[in-house]
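Asks: for reference, the sequence and a predicted model appear below.
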Protein chains: 2
Amino acid sequence: MDRRDFLKKGSLAAVAAGVSASTVANAASVIKWKMVTTWPKNFPGLGTGANNLAKLITEMSGGRLQVKVYGAKELVPAFEVFDAVSRGTAEMGHASAYYWKGKVPEAQFFSTMPFGMTANEMNGWIYYGDGQKLWDESYKPFGVIGRPAGNTGVQMGGWFNKEINSLADMKGLKMRIPGLGGEVLKRLGGTPVNLPGGELFTALTSGTIDATEWVGPYNDLAFGLYKAAKYYYYPGFHEPGTILEALINRKAFEALPKDLQAIVENACRVVNMDMLAEYSARNPGALEQLVNKHHVQLRAYPDDVLAQLRKVSADVAADLAAQNPAAKKIHASYMAFLEASRKYSRISDLAYLTARDGG
Amino acid sequence: MDRRDFLKKGSLAAVAAGVSASTVANAASVIKWKMVTTWPKNFPGLGTGANNLAKLITEMSGGRLQVKVYGAKELVPAFEVFDAVSRGTAEMGHASAYYWKGKVPEAQFFSTMPFGMTANEMNGWIYYGDGQKLWDESYKPFGVIGRPAGNTGVQMGGWFNKEINSLADMKGLKMRIPGLGGEVLKRLGGTPVNLPGGELFTALTSGTIDATEWVGPYNDLAFGLYKAAKYYYYPGFHEPGTILEALINRKAFEALPKDLQAIVENACRVVNMDMLAEYSARNPGALEQLVNKHHVQLRAYPDDVLAQLRKVSADVAADLAAQNPAAKKIHASYMAFLEASRKYSRISDLAYLTARDGG
């Protein structure tokens, strides 16, 4: 039975039953999607952001497109989310692009870079620069579309059990710090370790690691990391504005009518902004609790440590660029945008925040 | 004829004509809205943001809700936009809340405050703090709903024909600077002037004014202000993250089905993020042009001037709070959120931008 026949019969049945035809047409055309995620189900900020994305799509479509969210391991393990969306096991995913560095090394540029762009700068590059075009090219061979769908803002440097007073203190440091930030630490003589969020507290308490970064005050407070380490370092040079991504199976997306495509695209944009707003609202209060109630010691990385971290971060980015032609092209675009943004920030965000702070 | 009868007849007609019932139902229920704006039609950033908002609503609704945009003066003058939406002449508006200070003084808190919150902080306060609730209370008597629908980010201090070396240079200064920023200038002995954007260039060239602020490099370059003044001052202490607002007639909104309500709400959120992304992308390049091609002289306000501007800005906000009970309540909420954000920024955005810049 083709669509037109179905609708004709549906309409006649509707009239007979005294139900509006459009309701029947809608009921007949409900599309159900699965969204797999790299987060524990309902994890604050990240997991609830994925829930929010699904909810927005369902609401804006009047229930014509219904998305069900699966936490990590519920349908597939966290690090198989990309493959699951690629082969169509799930139509959507929610993750961050640096998780796929083994498969798509250059994807890391669409997540975050040490000493790289802030959330607002990333949005500028993705939506109004070459960012989205380059991202589309990277994921095209996998039949996957990537879209920004959340941002943590500037993260924190992390939790340490000893003070970092000089570069010498980075040597031999065993720290949980994934991705390019970990590579930076390694070049300063430290040992980066990768562990899932749920294991950080125990690893830090037992001395398996000397330090860990996670996200920022809101998430770090929830994990109780202040009970396992005394010093809380800033700034989070390694993740200055991490984009969470929505992954969409290209065939499933292209099969949608235009209005539902627009709804999916824009739900991603809403969550991209909304998650940053949530972190902007919740981090300051969580920081106050950490400092005033839990007596956490805030520490700034010393200037000479930051200077070296900055230098090595540029080397790490250049080495990533050398891995393949796509990475080279993306690196060039990213760095040009970053450099212009850095100069602009001097008379804009940086100048304003400095003046507001009284300095 | 009630809706059910209409749909029955529509369905039968559709079957007879061989057209899908849902198409007929859609055609029958197209809703047409007008959006009046305070911007010249298609004005870069602000006017195109309003266009974008209308386009998103039309696309996501599959054409069921079609919004037509009117530039300032096309349907009503710029400063009558609020009243037009209030009385239902137009179902939507696009503006900024500080324009209504004569009618709703406290609305200025939902636009921007001198030495106030940045774009991301405003979003935190509006979406996850008390901001939206307080905004709803303010506009309720007028039958209007206000929603964030765009942000300029940190603006620039403005264009001057003489250098500002001390507080003495602010005395007698005739500057186009609207709203609370103008009130701050007045208390330092200057003369604030209010002029529409289109008149700035002539006023500055003819010497009617000594200085003017507008938005930032992208918009200021388009206006050619660099031909009329030599010095470009930063930071824009008076507008650190101006929210553009969507105004929606409450009755028209409540008459929409739930899915269209969700589409309108979320289209506002998308534009809120998207406009800031556009400014983030276009300002750095425009600044390079201004400096390298047009030899504009960038100048920072001196520290003692900034210190005094900061002090007086707090007084101006407190005086606004004293105007009515609503303003007092909003001021308390705004200031608490600002203070927590300011402290957090010291270890987050401000610390990161400083470290990235090498300082």
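Replies: That came through fine.

Asks: pLDDT value on residue A:247, please?
Replies: According to the prediction, residue A:247 has pLDDT 98.

Asks: how about residue A:4?
Replies: Note on residue A:4: pLDDT of 37.

Asks: now the stretch 251-359 of chain A, which segments are flagged as low pLDDT?
Replies: A:359 (pLDDT under 70).

Asks: what ranges does it have for its strands?
Replies: Assigned by DSSP state E, counting those that start in this stretch, the strands in the stretch 251-359 of chain A fall at A:297-300.

Asks: in it, which spans are helices?
Replies: According to DSSP state H, counting those that start in this stretch, the stretch 251-359 of chain A carries its helices in the segments A:258-288, A:303-321, A:325-347, A:349-356.

Asks: with mean neighbour count and distance to chain B added, can I get the ones you listed in a markdown table?
Replies: For the C-beta atoms, the positions are set from N, CA and C on the backbone; glycine is no exception. Formatted as a markdown table, these follow (neighbours: other Cβ atoms under 10 Å in any protein chain shown; distance: least, Cβ to the nearest Cβ, whole Å):
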| stretch | mean neighbour count | distance to chain B |
| --- | --- | --- |
| helix A:258-288 | 24 | 3 |
| helix A:303-321 | 17 | 5 |
| helix A:325-347 | 19 | 4 |
| helix A:349-356 | 23 | 4 |
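
Asks: output those helices as CSV; include the columns distance to residue B:149.
Replies: Listed next are the helices of the stretch 251-359 of chain A as CSV, based on distance: least, Cβ to Cβ, whole Å:
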stretch, distance to residue B:149
helix A:258-288, 12
helix A:303-321, 36
helix A:325-347, 24
helix A:349-356, 22
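
Asks: so for residue B:35, which of these sits nearest?
Replies: helix A:258-288 (17.6 Å; Cβ to Cβ).

Asks: give me the angle between the closest one and helix B:349-356.
Replies: Helix A:258-288 and helix B:349-356 are oriented at 90 degrees to each other (axes from the mean of the first three to the mean of the last three Cα atoms, to 10 degrees).

Asks: report the distance from helix A:258-288 to the chain centre.
Replies: With Cα atoms, centre = their mean, to the nearest Å as the basis, helix A:258-288 stands 11 Å off its chain's centre.

Asks: stretch A:188-197 too?
Replies: Distance, centroid of stretch A:188-197 to centroid of chain: 19 Å (Cα atoms, centre = their mean).

Asks: does chain B have contacts with that stretch?
Replies: No - using Cβ under 8 Å from any Cβ of the partner chain, stretch A:188-197 never reaches chain B; the gap is at least 15.5 Å.

Asks: ok, residues contacting that stretch?
Replies: For stretch A:188-197, the surrounding residues in contact (Cβ atoms under 8 Å, 6 or more residues apart in numbering or on different chains) are A:40, A:43, A:78, A:167, A:170-178, A:181-183, A:185-186, A:203, A:208-209, A:212, A:214, A:223, A:308-309, A:312.

Asks: just the buried subset of those residues, please.
Replies: Among the contacts of stretch A:188-197, those classed as buried by 16 or more other Cβ atoms under 10 Å in any protein chain shown are A:40, A:43, A:78, A:170, A:173-178, A:181-183, A:185, A:203, A:209, A:212, A:214, A:223, A:308-309, A:312.

Asks: what about the residues you listed, which are in strands?
Replies: Using DSSP state E, the members of the buried ones among the contacts of stretch A:188-197 that fall within strands are A:174, A:175, A:176, A:212.

Asks: and those residues as a markdown table, adding distance to residue A:239 and pLDDT?
Replies: Putting those into a markdown table (distance: Cβ to Cβ, whole Å; pLDDT from 0 to 100) gives the following:
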| residue | distance to residue A:239 | pLDDT |
| --- | --- | --- |
| A:174 | 19 | 97 |
| A:175 | 14 | 98 |
| A:176 | 13 | 96 |
| A:212 | 13 | 98 |
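
Asks: identify the bridge partners of the closest residue to residue A:212 other than its chain neighbours.
Replies: Excluding its sequence neighbours, the residue lying closest to residue A:212 (Cβ to Cβ, 6 or more residues apart in numbering or on different chains) is residue A:176, at 3.9 Å. Beta-bridge pairing for residue A:176 (DSSP bridges): residue A:193, residue A:212.

Asks: what of residue A:36?
Replies: residue A:70, residue A:93.

Asks: okay, now it: neighbour count?
Replies: 30 (other Cβ atoms under 10 Å in any protein chain shown).

Asks: quick check: it vs residue A:82, distance?
Replies: Separation of residue A:36 from residue A:82 (Cβ to Cβ, to the nearest Å): 9 Å.

Asks: okay, and the common contacts of these two?
Replies: residue A:93.

Asks: re earlier: just so I know, which of the helices of the stretch 251-359 of chain A lies nearest residue A:130?
Replies: Between the helices of the stretch 251-359 of chain A, helix A:325-347 lies closest to residue A:130; by Cβ to Cβ that is 4.7 Å.

Asks: run through who's touching the closest one.
Replies: Residues outside helix A:325-347 that contact it (Cβ under 8 Å, 6+ apart) are A:105-106, A:109, A:113, A:116-118, A:121, A:124-125, A:129-131, A:134, A:137-138, A:317-318, A:320-322, A:351, B:156, B:217, B:234-235, B:280-281, B:283-285, B:287-288, B:298, B:300, B:353, B:356-357.

Asks: sticking with the residue nearest to the spatial centre of chain A, tell me its helix or strand.
Replies: Residue closest to the average C-alpha location in chain A (Cα atoms, centre = their mean): residue A:244, at 2.1 Å. Taking DSSP states H and E as the definition, residue A:244 sits inside strand A:243-249.
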